[in-house]
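> Mind folding the following:
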Amino acid sequence: MHIPLDYETLRVIWWALLGVLLIGFALTDGYDLGVGALLPFVGRSDEERRLVINAIAPHWEGHQVWFILGGGAIFAAWPFVYAVSFSGFYLAMFLVLAALILRPVSFKYRSKHADAGWRNRWDWALFVGGFVPALVFGVAVGNVLIGAPFRLDSDLRMTYEGSLLGLFTPFTLLTGLLSVAMLALHGAGWLAVKIEEGPVLVRARAIARIAAVVTIALFLVGGLMVAHGGMGMAINGAVDTQGPSNPLLSASVAAPGAWLGNYRAHPWMVLAPVLGLVGPLVALAGITARRGWLNLAGTALATTGIIATVGCSMFPFILPSSIDPRSSLTVWNASSSHMTLFIMLIVTVIFLPVVLGYTAWVMKMLGGRITLGDVRSNPDFY
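Sure, this is the predicted structure:
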């Protein structure tokens, strides 16, 4: 079968698609996580917290499709990355899944009993279901930037030499807190377009102002730590972009500061960190002007820019090894076969527009602001 796209092009396309899926998850389920993390702080009474919960209740289940698509794309397009990350970060992923499981349980059980203490405990469970995944996802990104402690033997068997607590270092905690601030800002941006004017929205705007400033500050500090913290890797020697996927056929070496090299080689990539810094400023402008959609647009730009910055900085690396650079996984040595990537691309071209269309349709059909009056009168609300 003739494949109209060469292997190198397909690999780059799937690297970009992986970024699109991760950004799609952050833009959709990200505001669900952010709203969950904000719940105990923006809602004081039971009715106010129900207002916040029902701002995301119609959407959050549908947004899980982006999480599944991202995991499926890693499994099918980047099997080495899937094997190493899901094995090495197993306990961290278990922690995320345990926190995510709290969300549906909390939604379903919170209103089963009218006792204030009962509902308050489930509200804090929703907080955990939003805060913990946001933190751990950020910590995971930080570990990708500094490299994971794994090595591959001559038979491509992976040995992981890290631990759960070893994932939490000063730098990775900073990236984790950046993720929390970014998604809290995004969650507050969603509340700005979804709930009525009132005390809840006033509190959300106040928190959003702080989150925007914290996001900018942590993003800048993180960038300085990457630039001066000895992070980065480079491929040693010629690169066979059309060759078979075998990490041991190419050698990578530690190269401090290499994560900034792509911006010199490809100046257009600077757009990513610029969006990461401009986005929170746009959100602040929206907060000040009380323009909800401008606020949400700013949070979306910030989220897109910050995630894209990681991918642009590291290209062509996807998962470097901190203990054996030669085992590092790149776009050129960790993908599926030429045929697999092409078939998956056809499937994606068909079904990704369906997912986007479905998401847009749901947003339209379930749009509009909700009010405390709706909470009091609608029997279908949580």
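
> From the rest of the structure, what touches stretch 301-308?
Residues outside stretch 301-308 that contact it (C-beta atoms under 8 Å, 6 or more residues apart in numbering) are 19, 22-23, 26-27, 30, 178, 182-183, 185-186, 212, 215, 219, 271-280, 282-283. In this view, the C-beta of every residue, glycine as well, is placed from N, C-alpha and C.

> any idea where the strands of the stretch 101-250 of the chain begin and end?
150-152, 158-160, 233-236 (DSSP state E, counting those that start in this stretch).

> could you redo these as CSV and give each row mean pLDDT, distance to Arg110 and mean neighbour count?
Shown next, in CSV, are the strands of the stretch 101-250 of the chain (pLDDT from 0 to 100; distance: least, C-beta to C-beta, whole Å; neighbours: other C-beta atoms under 10 Å):
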stretch, mean pLDDT, distance to Arg110, mean neighbour count
strand 150-152, 91, 41, 21
strand 158-160, 89, 38, 16
strand 233-236, 88, 47, 18
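
> would you list these in CSV and tack on distance to Leu95?
Below are those laid out as CSV (distance: least, C-beta to C-beta, whole Å):
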stretch, distance to Leu95
strand 150-152, 19
strand 158-160, 16
strand 233-236, 27
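
> Let's see the PyMOL selection covering just the buried ones among the contacts of stretch 301-308.
Buried members of the contacts of stretch 301-308, defined by 16 or more other C-beta atoms under 10 Å, are picked up in PyMOL with:
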select buried, resi 19+22+23+26+27+30+178+182+183+185+186+212+215+219+272+273+275+276+277+278+279+280+282+283
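
> Show me what the mean pLDDT comes to for stretch 23-34.
Averaged over stretch 23-34, pLDDT sits at 92.

> tally of neighbours for the residue nearest to Val52 when sequence neighbours are not counted?
Excluding its sequence neighbours, the residue lying closest to Val52 (C-beta to C-beta, 6 or more residues apart in numbering) is Gly43, at 4.8 Å. Gly43 has 20 neighbouring residues, counting by other C-beta atoms under 10 Å.

> Over to Ile287?
23.

> Tell me which residues touch it, please.
For Ile287, counting by C-beta under 8 Å, 6+ apart, the contacting residues are 192, 205, 208-209, 212, 295.

> Which one of the residues you listed is nearest to Leu329?
Nearest to Leu329 among these: Ala212, at 34.4 Å, using C-beta to C-beta.

> what's the longest helix seen in the chain packed up against?
The single longest helix within the chain, with elements called by DSSP state H, is helix 7-42. Helices and strands touching helix 7-42, by 3 or more C-beta pairs under 8 Å, 6 or more residues apart in numbering; DSSP states H and E, are helix 46-56, helix 60-77, helix 116-146, helix 170-194, helix 199-228, helix 292-314, helix 338-365.

> Any chance of a markdown table for those, columns distance to Leu10?
Formatted as a markdown table, the helices and strands packed on helix 7-42 follow (distance: least, C-beta to C-beta, whole Å):
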| stretch | distance to Leu10 |
| --- | --- |
| helix 46-56 | 36 |
| helix 60-77 | 9 |
| helix 116-146 | 22 |
| helix 170-194 | 30 |
| helix 199-228 | 29 |
| helix 292-314 | 17 |
| helix 338-365 | 4 |
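
> Most tightly packed of those helices?
Greatest average neighbour count among the helices and strands packed on helix 7-42 goes to helix 170-194 (a mean of 25), per mean count of other C-beta atoms under 10 Å.

> quick one: average pLDDT of that one?
96.

> And that helix, what does it pack against?
Using 3+ C-beta pairs under 8 Å, 6+ apart, helix 170-194 sits against helix 7-42, helix 46-56, helix 116-146, helix 199-228, helix 271-289, helix 292-314.

> Export only the CA atoms of the second one, formatted as CSV.
Taking Å, rounded to 0.1, in the frame of the first residue of the first chain, the C-alpha atoms of helix 46-56 are listed here in CSV:
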residue,chain,number,x,y,z
ASP,A,46,-25.4,25.3,50.3
GLU,A,47,-27.2,27.1,47.6
GLU,A,48,-24.1,29.0,46.4
ARG,A,49,-22.1,25.8,46.2
ARG,A,50,-24.9,24.1,44.3
LEU,A,51,-24.8,27.1,41.9
VAL,A,52,-21.1,26.4,41.3
ILE,A,53,-21.5,22.6,41.0
ASN,A,54,-24.3,23.0,38.4
ALA,A,55,-22.1,25.3,36.4
ILE,A,56,-20.1,22.2,35.4
